[in-house]
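In: Generate a structure from the sequence data that follows.
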Amino acid sequence: MISNIATTEHHFAEPDKRPGPGPEAKERGKRTQKRNLREYNVISNRYLELHDLKVQANDDVQRAEAAKTFWRLNEYDPIQTKYYD
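Out: Okay, the predicted model is just below:
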C-alpha cells in the first residue's frame with residue numbers, strides 16, 4: 001500500500017518497533033556556479049562587457065571570412081566572360 005503518511009505514523013509494526021524518520025529531503029533547485037558565467041547573455045542578445053567593441057570585432061571577422069569565401073569561389077564571371085574587379 002502506498003500513502004503519503006510517514007512510516008513513523010503509518011506502519012504495520014508496533015509503535016515502539018517502527019523505523020525512525022528517514023533522512024531529510026534535499027533542497028531542490030538548480031545549482032549554479034559563478035565561475036562558469038558566460039560573457040554573452042543569450043536572453044538580452046548582448047555581451048556583458050564592451051558590447052559595441054565585441055560586436056564590431058565579430059562583424060569584421062565575418063566580413064573578412066565572407067570576402068575570402070567569395071574570392072575563393074568567384075574569380076571569374078562566366079556570364080560576362082571576364083574576371084571580377
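
In: which secondary structure element contains E65?
Out: Per DSSP states H and E, E65 falls inside helix 51-73.

In: Farthest from the middle of the chain: give me that residue.
Out: What lies farthest from the middle of the chain is E14; by CA atoms, centre = their mean that is 52.3 Å.

In: do you know how far that one is from E65?
Out: Noted for E14: a distance of 78 Å to E65, by CB to CB, to the nearest Å. Glycine gets a C-beta too; all of them are placed from N, C-alpha and C.

In: for K54, same thing?
Out: Counting by CB to CB - K54 and E65 are separated by 17 Å.

In: try G22
Out: 59 Å.

In: same check, this time on N4
Out: Shown here: N4 relative to E65, a distance of 60 Å by CB to CB.

In: So for these two, which residue has more residues nearby?
Out: E65 (10 against 5; other CB atoms under 10 Å).

In: And the contacts of stretch 46-57?
Out: By CB atoms under 8 Å, 6 or more residues apart in numbering, the residues outside stretch 46-57 that reach it are E39, Y40, N41.

In: how about CSV for these, with secondary structure, pLDDT and distance to Y84 added?
Out: Output for the contacts of stretch 46-57, formatted as CSV (DSSP: H, G, I helix; E, B strand; the rest coil; pLDDT from 0 to 100; distance: CB to CB, whole Å):
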residue, secondary structure, pLDDT, distance to Y84
E39, coil, 87, 38
Y40, strand, 88, 36
N41, strand, 89, 40
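
In: Would you convert those residues into JSON lines that also reports distance to G29 and neighbour count?
Out: JSON lines is the format used below for the contacts of stretch 46-57 (distance: CB to CB, whole Å; neighbours: other CB atoms under 10 Å):
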{"residue": "E39", "distance to G29": "25", "neighbour count": "9"}
{"residue": "Y40", "distance to G29": "24", "neighbour count": "11"}
{"residue": "N41", "distance to G29": "21", "neighbour count": "12"}
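
In: Just give me the closest of the residues you listed to N74.
Out: Relative to N74, the closest of the contacts of stretch 46-57 is Y40; by CB to CB it sits at 32.8 Å.
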